[in-house]
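Asks: got a sequence here, can you build the structure:
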Amino acid sequence: MSSDRTSWVYLPPEIRNEILGLLPVLGGRCSLLATVARDWQSIIEPLNFAEISLTVPRLADRNSQTILFRKRSQIRYIWFRVELKQYDCRKCVNTDQDGWGLGNINNQFIADAFESLFTTLSAWEPRGDLVLDISVYSPSDNQHWFKYLSFCSDTNSGECLSRYEHEQGTTLINDPAHGWVAGNRILRPGEHAIEQIFEEIMGEGPFDEEEPEMRWWRGLPFVPAVGVVLLRQQTRRRWKPVALANMLTRFPNMKEFCYEPWREWCGMQLHTDKRNQTLIESFPKTKLCKLTIFENFNEAYPEKYYYCPAMRVPNPAVSQKLACASLHLTTLSASFIADARHFFAACQDSWTWDKLTSLALTSRVLTNEADTADINNLLRDAAVAALQMPRLDTMELWNGRLGVAMLFRYQRAQDSQPAIITVRGTSELAIGIAATQAWDVVAHRHCHSRVVIQTSSIDPNVIRSHGDAIRQLGLSTEVARPVLRQVESIENGY
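Replies: Reported below is the predicted structural model:
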């Protein structure tokens, strides 16, 4: 920069401080400004390294490894991108079951990638505040049937445009072979195309049996720097729940876990539910405080499969395991993988949730055609459990799918104001006298208050999916990461 009187050094200190105060708003986008002055570099460099995208080739590069280690104290978020081999149309329409699965090359690549990642991060100080966001995908995933898929970090979700959105703004997508004509999807993908992007991670290797794989996960180095693990389903490869249970043992300081699996479309659901129980049983052995599980689904996919129910029926045993695990948590959000009825039915009189401040659960009872008695039984059971949650601030019971959006929310009294119950939905949810009295007891126990009920309605015609339901209900709990909600909204609109 020039040394005349208009340069940075000649500005009054109060103006320089004001400008410097604005730089953090730009985040990592202000890297070019680091050359303006030494003062700027000291502020901008930490912003540049606070959030990084890490690919496998970069992780293997010696220069990148050196920079990572040198800047480790500045890094707060890592998006670890495991990019699989690209594939062509022969793969996306493959009907030969022998050719299904990720294949040996991809699976070995995944194993090598995680071994390298854990080895690298194990040398970092055990600060326990690093966010590790893991994505496993192929760049080809949005080049065939699923044009709307996007690959971006969790921190830049608001700026992330999928290929579909970008091309809609320039040239309309025209790919009749994959069901797209003039920007509109005229044909949904079939079973084989769906399975292509939902393949199981390390399902066909590199280990011949499950136990050696689990020993391998448990043999990876500890990574005490990590405090938050995100497994978002903007990408759709399936994790084995038992593999996750073993992987998470490598994060001794993990306090938050967000897991967004997809429901099964075929006869694997019972098997997966059993494995989900194993995963949930492992949580109390960790330092986990905040747990978010969102089981995503597409209501159009089941019709592409034989003997696949249109709506998933949660396994009561999974809800029971979650109820038990919640005793150790401060925040729990479980959507569609469990049902609130089974959760509260599993609660025991001797239980006390000493830490729990926020609870969000879905329930199939909350529908437009629901029996009023069933809904009020659910609400009374929820109130009984809330009496044993002395720190509870918010409880949300909700449901969402095509044409359905229903919410019951309890908010603890604040600043001498009454506790608030919000009832909102696509049909009237009439709270009976017994349920209202039960929640009055909860409000009195919590803050010597009473409840005020607020009601509002939603037009069922605007609810095309559970994503629309989340937006229209105005949930106070973040039940899913932003990218999942964005992609789901686009997908279910076509």
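
Asks: which helix in this protein runs the most residues?
Replies: With DSSP state H setting the assignment, residue counts place helix 103-121 as the longest helix in the chain.

Asks: kindly format the C-alpha coordinates of that one as CSV.
Replies: Listed next in CSV are the C-alpha coordinates belonging to helix 103-121 (Å, rounded to 0.1, in the frame of the first residue of the first chain):
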residue,chain,number,x,y,z
GLY,A,103,-16.1,-51.7,-4.5
ASN,A,104,-12.7,-52.6,-3.2
ILE,A,105,-10.9,-49.5,-4.4
ASN,A,106,-13.3,-47.1,-2.8
ASN,A,107,-13.5,-49.0,0.5
GLN,A,108,-9.8,-49.2,0.8
PHE,A,109,-9.5,-45.5,0.0
ILE,A,110,-12.0,-44.8,2.9
ALA,A,111,-10.0,-46.9,5.3
ASP,A,112,-6.8,-45.3,4.4
ALA,A,113,-8.4,-41.8,4.6
PHE,A,114,-9.6,-42.3,8.2
GLU,A,115,-6.3,-43.8,9.3
SER,A,116,-4.4,-40.8,7.9
LEU,A,117,-6.9,-38.3,9.4
PHE,A,118,-6.9,-39.9,12.9
THR,A,119,-3.1,-40.2,12.9
THR,A,120,-2.7,-36.5,11.9
LEU,A,121,-5.2,-35.1,14.5
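
Asks: and it, what's its mean pLDDT?
Replies: Across helix 103-121, the average pLDDT comes to 94.

Asks: packing partners of it?
Replies: Here helix 103-121 touches helix 56-60, helix 62-70, strand 77-83, strand 130-137, going by 3 or more CB pairs under 8 Å, 6 or more residues apart in numbering; DSSP states H and E. The C-beta positions use only the backbone N, C-alpha and C, and glycine is treated the same way.

Asks: give the buried residues for it.
Replies: Of the residues in helix 103-121, 103, 106-107, 109-111, 113-114, 117-118, 120-121 count as buried by neighbour count, 16 or more other CB atoms under 10 Å.

Asks: now, among the residues you listed, which is nearest to residue 75?
Replies: Taking CB to CB as the measure, residue 75 sits nearest to residue 121 out of the buried residues of helix 103-121, at 9.9 Å.

Asks: quick check: closest non-adjacent residue to that closest one.
Replies: Spatially, and ignoring its direct neighbours in sequence, residue 121 is nearest to residue 223 (4.5 Å; CB to CB, 6 or more residues apart in numbering).

Asks: burial of residue 409, as a residue count?
Replies: By other CB atoms under 10 Å, the residues close to residue 409 number 21.

Asks: what about the helix or strand hosting it, average pLDDT?
Replies: Using DSSP states H and E, residue 409 sits within strand 404-411. Averaged over strand 404-411, pLDDT sits at 96.

Asks: just stretch 439-447 next, same as before
Replies: 93.

Asks: packing partners of the helix or strand harbouring residue 242?
Replies: Assessed by DSSP H and E, residue 242 sits inside helix 241-247. Helices and strands touching helix 241-247, by 3+ CB pairs under 8 Å, 6+ apart, are helix 210-219, helix 269-282.

Asks: distance to residue 201 and mean pLDDT added to these, as JSON lines?
Replies: Converted to JSON lines, these look like this (distance: least, CB to CB, whole Å; pLDDT from 0 to 100):
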{"stretch": "helix 210-219", "distance to residue 201": "11", "mean pLDDT": "96"}
{"stretch": "helix 269-282", "distance to residue 201": "13", "mean pLDDT": "94"}
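
Asks: quick one, which of those gets closest to residue 125.
Replies: The closest of those to residue 125 is helix 210-219. By CB to CB, the value is 22.4 Å.

Asks: as CSV, could you dump the C-alpha coordinates of that closest one?
Replies: Output of helix 210-219 as CSV, limited to C-alpha atoms (Å, rounded to 0.1, in the frame of the first residue of the first chain):
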residue,chain,number,x,y,z
GLU,A,210,-17.3,-57.3,10.7
GLU,A,211,-15.1,-58.1,13.8
PRO,A,212,-11.8,-57.3,12.2
GLU,A,213,-13.2,-54.0,11.0
MET,A,214,-14.4,-53.1,14.5
ARG,A,215,-11.0,-53.9,15.9
TRP,A,216,-9.5,-51.7,13.3
TRP,A,217,-11.7,-48.7,14.3
ARG,A,218,-10.9,-49.3,17.9
GLY,A,219,-7.2,-49.5,17.1
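
Asks: mean confidence score for the helix or strand just after it?
Replies: Remark: after helix 210-219, the chain's next helix or strand is strand 226-231, criterion DSSP H and E. Strand 226-231 shows a mean pLDDT of 97 in the predicted model.

Asks: next one: strand 226-231 to chain centre, how far?
Replies: 11 Å (CA atoms, centre = their mean, to the nearest Å).

Asks: and what of stretch 50-66?
Replies: The answer for stretch 50-66 is 24 Å, by CA atoms, centre = their mean.

Asks: now do the buried residues in it.
Replies: Neighbour counts over stretch 50-66 (16+ other CB under 10 Å) mark 50-54, 56, 59, 64 as buried.

Asks: list just the nearest of these to residue 243.
Replies: Nearest to residue 243 out of those is residue 56 (CB to CB; 18.4 Å).
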